[in-house]
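**Q** Whatever this is, show me its structure:
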Amino acid sequence: MGGGRVAQRARPTVARFVVALLASMSMASLAIVVVSEPFALAVGATFTVNSTSDASDSNPGNGVCSTGGASPVCTLRAAMVEANANPGHDTIEFDIPGSSSQVHTIQLASALPYITGDGVTIDGYTQPYSSPNTDPYASNADIRIEVRGVARQPSVGLDFRSSDNTIRGLALYDFHNSIRFWAGSASVTADRNLIVGNFIGTNAAGTFVASQSTTSGDGVHIQQGSAANRIGAPGNANRNVISGSSGRGVGVFNPASDDNIIENNIVGLNPSGTAALKNHTHGIDLNYGASSNIIRNNVISGNGGSGVEISHDALGHEAHGGAGDTELNVVAGNLIGTDPTGTIATSEHGNGEYGVGLEGRGLCATFCPPDSNDNEVVDNVIVGSEVGVKIWRGSHSNVVRDNHIGVLADGTTGSTAHTEWGVLIEVGSIDNLVEDNRIARVDTGIGVRPNSQNPGDGIYPVFGNTLRGNSIEFVGPGLGVDLSPDGTPTNFPNALLVQHGVSYGVITSATTDGVSVTACAGCTVELFETATAATAYGLGRRSLGTSTATGGTATFVFRDDVGDPYVVTDGEYVSALVTDPNGSTSEFSLRRSVTPGAIGPPSTTTTTTTTTTTTTSTTTTSVPPTTTTTSTVPPTTTTTTTTSTTTTTVAPTSTTTTTAPVVTSPAPTTSVPAAPPSTLDGLASVRHRPTKPERCSISAAC
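**A** Got it, this is the predicted structure:
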């Protein structure tokens, strides 16, 4: 994989991000579609490959693609040699004679030349009878040009040592790495390349699977500071199928391998999405310091390892070009463990390890130094693996938000593949935020523990992990939130190693008028409505709000007037989570049944006029003549907050909290996009972490 150390590139500036965001917004608002010529380079030559021969060019650099001799032909190898030598944006097309049903295989005897000339397009869809995908979910692309190795030799299919190139309409397979981007030095870049509409790792029929190798390779391998490349893009025609590799589907490695976008691909399934065509290890792997990359709107299923892995190397070494945190990566809007429609999830679609794994260094002494951190996992559907999202070995300050874990986007349908944990945080991982997720159909909702099932990982503190706003139900036989190694809501050895030993609260009263909870002074209590059939130590189907336990008691006021609607009803159950000032969240409290309150049922005579105390403060604001609005300050609906210790007045909420995340199913357009946008392509990655004090040691009181 990697050689020497690569100098770290400067991080994208705020100005650069704003320019990219505004550019993407303006393009979207004007509905401009730029087709096929993405880069402002001088127009070059077109070389037309007319043979499956692997012969070389007879006169490299003369501008003529020809093998010479009595029967000269233009081969892919000869065309690449001429394109490298010729200035400008050269195009390699195909017109190989054959029948309407024929697939043409170019069998390589040795490695092709590096792609060293900027702005080369290799377009397999120029071959007669080929056609790009039109299916909005899967791929029905008709690919007629295969480029094949033999038993992963030569090592690399297409090897990029240049920028602004486009590859489309090819099947590349049986290589160690089917496609590789390698920058390697200040004078050699491999940036802004576009890979769309290909089958990578498998053949044109979508049936080839490489055997697993001890030196497993990748479908697409990006390393040594290669940046801003796009693997897939919006639109049906731009979807790649990346399956069947001996190792990963896509691997991105090293510091400065930043701002790459992996989007709208099928990773690990056959083109129709009906069966696994697995990459033998992870579907997509960001590693060794690769940062600010985006993985979005892909189908990532059926892989031998995790769907997505963001980590350091397994031994904790600073390898492949130098040290650097693997950080600021975004995993958003993917279907992980489902079919391409997102409506079917069987064991065939599940990934072998985790849906998403965030892993730090494997070797540490008394405290795991973080090196996979500040990554975001948002708006995904994650089902069908041992753990939905696993954060471990010192990975910290990550955000897991707005995902459906264990269930499809409907919020209730699970996978036929067994999932043990929805989210699991362990072995030295701190300061992570798990927020607003829907977690169901798993054995245990969220687990936080100092050790793993691997004794070699040791026991390391886990604290500052904040769990809030999650909807957790249909969980068992485990707990909704489990901080105990033995799965019981009791005290246990080394309790201070887990979330600083924060205790769950005790619900002292629960009526339709309000709830009181005893908890650690100054801690935040979040109250939940929970299903009747839930375990005694509650789950949390619907968040009812938060309150601070000033003086050790948190009070929630639901109703203080007969005009107030019910927030919870007689016979429902409530439970609570407690989060200390350090951001560590407890297990769920013992649930408590709601009894009738002192305030009578809502008045039937009052319809819309909930409060007649409409303090109409008619502040006549001078409005310009063009506006007909008389600015009257709206009636102040008196939502009375009764303060007893700390009181939270809870507004009525609807009983359904399941909002389906925005996932895959890309818009059915077919254009090839313009140049790969820099930075984050308009995806504003907003973090809402709780403010936390300095980290405290395990021995210190926090």
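**Q** Over to residue 80: give its phi and psi.
**A** Residue 80 adopts backbone torsions of phi -70, psi -40, taken as degrees, to the nearest 10.
**Q** Could you check how many residues crowd around the spatially closest residue to residue 384 that is not a sequence neighbour?
**A** Leaving aside its sequence neighbours, residue 384 sits nearest to residue 350 (C-beta to C-beta, 6 or more residues apart in numbering; 2.9 Å). In this view, the C-beta of every residue, glycine as well, is placed from N, C-alpha and C. By the measure other C-beta atoms under 10 Å, the count of residues near residue 350 is 26.
**Q** Show the pLDDT at residue 350.
**A** On pLDDT, residue 350 comes in at 96.
**Q** residue contacts, the residue lying closest to residue 468 once chain neighbours are set aside?
**A** If the residues on either side of it in the chain are set aside, residue 468 comes closest to residue 435, at 5.3 Å by C-beta to C-beta, 6+ apart. Contact analysis of residue 435 by C-beta atoms under 8 Å, 6 or more residues apart in numbering lists 399-402, 466-470, 688.
**Q** before we move on, what about residue 79?
**A** 47-49, 65, 92.
**Q** Those residues, buried ones only, as a PyMOL selection?
**A** Remark: buried members of these, expressed as a PyMOL selection using 16 or more other C-beta atoms under 10 Å:
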select buried, resi 47+49+65+92
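**Q** Go through the contacts of residue 79 and flag which are in strands.
**A** Judged by DSSP state E, the contacts of residue 79 include 47-49, 92 as members of strands.
**Q** picking that back up, just the closest of the contacts of residue 435 to residue 340, please.
**A** residue 402 (21.2 Å; C-beta to C-beta).
**Q** how many neighbours does that closest one have?
**A** 19.
**Q** That one is in contact with residue 433, isn't it?
**A** No. The criterion here is C-beta atoms under 8 Å, and residue 402 misses it with residue 433 at 11.6 Å.
**Q** in the stretch 1-150 of the chain, what spans have low per-residue confidence?
**A** Counting by pLDDT under 70, the ranges of the stretch 1-150 of the chain that qualify are 1-42.
**Q** let's see it at 50
**A** 1-41 (pLDDT under 50).
**Q** now the helices for it?
**A** 14-30, 76-85 (DSSP state H, counting those that start in this stretch).
**Q** about what we covered before: between the contacts of residue 435, which is nearest residue 503?
**A** residue 467 (14.8 Å).
**Q** Who does the closest one form a beta bridge with?
**A** residue 434 (DSSP bridges).
**Q** What pLDDT does the model give the residue nearest to residue 468?
**A** Taking residue 435 on its own, its pLDDT is 98.
**Q** what's the burial count for the nearest residue to residue 515 once chain neighbours are set aside?
**A** Using C-beta to C-beta, 6+ apart and skipping the chain neighbours, the partner closest in space to residue 515 is residue 556 (4.5 Å). Close neighbours of residue 556, defined as other C-beta under 10 Å, add up to 25.
**Q** Got the phi and psi for residue 556?
**A** According to degrees, to the nearest 10, residue 556 has phi -120, psi 120.
**Q** isn't it right up against residue 549?
**A** No. Between residue 556 and residue 549 there is no contact, the gap being 11.2 Å when judged by C-beta under 8 Å.
**Q** list residues touching both of the two?
**A** With C-beta under 8 Å, 6+ apart, residue 556 and residue 549 have common neighbours residue 517.
**Q** Okay, now the unreliable bits of the stretch 501-650 of the chain?
**A** Ranges of the stretch 501-650 of the chain meeting pLDDT under 50: 606-645.
**Q** quick one, helices of it?
**A** According to DSSP H, counting those that start in this stretch, the stretch 501-650 of the chain contains no helices.
**Q** rewinding a little: from residue 470, how far out is the residue nearest to residue 515?
**A** 18 Å (C-beta to C-beta, to the nearest Å).
**Q** Could you do residue 283 as well?
**A** 25 Å.
**Q** do residue 227 as well
**A** Distance from residue 227 to residue 470, by C-beta to C-beta: 35 Å.
**Q** In terms of neighbours, single out the busier of those two.
**A** residue 470 (30 against 26).
**Q** Once you drop chain neighbours, what's closest to the more buried one?
**A** With C-beta to C-beta, 6+ apart, the residue lying closest to residue 470 is residue 437, at 4.9 Å.
**Q** if we can go back for a sec, now the residue nearest to residue 515, which residues is it bridged with?
**A** Applying DSSP bridges, one finds that residue 556 bridges with residue 515, residue 648.
**Q** Could you tell me how far it is located from residue 239?
**A** 48 Å.
**Q** For residue 377, give me its contacts.
**A** With C-beta under 8 Å, 6+ apart, residue 377 has these contacts: 331-332, 356, 358, 389, 398-401, 403.
**Q** of all those residues, which two lie farthest apart?
**A** For the contacts of residue 377, and using C-beta to C-beta, no pair is farther apart than 332 and 358, which are 14.4 Å apart.
**Q** Compare neighbour counts for those two and give me the winner.
**A** residue 358 (30 against 23).
**Q** Report whether the expected contact of that one with residue 392 is present.
**A** Yes. Counting by C-beta under 8 Å, residue 358 touches residue 392, with 7.5 Å between them.
**Q** so what sits against both of these two?
**A** residue 429.
**Q** What confidence value was assigned to residue 230?
**A** Reported pLDDT for residue 230: 99.
**Q** and it, bridged to which residues?
**A** residue 194, residue 261.
**Q** got the contact list for it?
**A** Neighbours of residue 230 in contact, by C-beta under 8 Å, 6+ apart: 192-196, 260-261, 263, 673, 676.
**Q** and these as TSV, adding distance to residue 160?
**A** TSV is the format used below for those (distance: C-beta to C-beta, whole Å):
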residue	distance to residue 160
192	11
193	6
194	11
195	9
196	15
260	12
261	16
263	18
673	18
676	13
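**Q** hmm, back to that, show the buried residues in the contacts of residue 435.
**A** Judged by 16+ other C-beta under 10 Å, buried ones among these: 399-402, 466-470.
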